[in-house]
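Colleague: Below is the sequence, then the predicted model.
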Amino acid sequence: MIQAQPKPAWTPLPRPGVHGVEFRILLRAEGIFLANLRFSQSATIDRHSAPHEIDVICVSGSGFTSVGEDEYAIHAGQTIRWPA
């Protein structure tokens with residue numbers, strides 16, 4: 001069955017404490033949500049939790065991510081899974 005999906009346009013991420021991050025939704029379906037995040041060179045994003053695991057894939061560039069108090073460098077071609 002063919003289903004309509006959100007238009008994948010880049011939009012600023014509307015969260016407090018976020019600077020220089022845009023997102024676009026690629027897929028929204030039961031049990032799955034797929035989005036791109038695009039970070040400017042000096043971007044920051046707030047620390048936040050989620051009730052489900054999140055797979056992060058670095059497609060290009062590099063940056064830092066954290067899980068709890070641990071911080072990790074992440075580079076293009078690497079992934080990390082954030083726990084629920």
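Modeller: Sure thing, it's come through.
Colleague: What average pLDDT does stretch 16-24 get?
Modeller: The pLDDT scores in stretch 16-24 average 95.
Colleague: Give me the contact list for it.
Modeller: Contacting residues not belonging to stretch 16-24 are listed as 8-13, 35-46 [CB atoms under 8 Å, 6 or more residues apart in numbering]. Just so you know, the C-beta spots here come from the backbone N, C-alpha and C atoms, and that holds for glycine as well.
Colleague: and with 7 Å instead?
Modeller: Residues from elsewhere that reach stretch 16-24, judged by CB atoms under 7 Å, 6 or more residues apart in numbering: 8-13, 35-40, 42-46.
Colleague: Show me the residues you listed that map onto strands.
Modeller: Judged by DSSP state E, strands contain the following of the contacts of stretch 16-24: 11-12, 35-40, 42-44.
Colleague: which among those end up buried?
Modeller: Buried residues within the ones in strands among the contacts of stretch 16-24, counting neighbours by 16 or more other CB atoms under 10 Å: F39.
Colleague: Leaving aside the residues adjacent along the chain, what's closest to R28?
Modeller: Nearest residue to R28, sequence neighbours excluded (CB to CB, 6 or more residues apart in numbering): P6, at 6.1 Å.
Colleague: What helix or strand is the one you found located in?
Modeller: When secondary structure is defined by DSSP states H and E, P6 falls outside every helix and strand.
Colleague: which residue is nearest the centroid of this protein?
Modeller: The structure's the chain has its C-alpha centroid closest to L37; by CA atoms, centre = their mean the separation is 4.7 Å.
Colleague: Contacts only, for it.
Modeller: The contact partners of L37, taken as CB under 7 Å, 6+ apart, are 13, 21, 23.
Colleague: Bridge partners for the second one, pull those for me.
Modeller: As for beta bridges, V21 partners with F39 under DSSP bridges.
Colleague: what about it, distance to G63?
Modeller: Distance of V21 to G63, given as CB to CB, to the nearest Å: 11 Å.
Colleague: In terms of neighbours, single out the busier of these two.
Modeller: Neighbour comparison, V21 and G63: the larger count goes to V21, with 17 against 13 (by other CB atoms under 10 Å).
Colleague: Next, work out how far apart that one and R38 are.
Modeller: Distance of V21 to R38, given as CB to CB: 7 Å.
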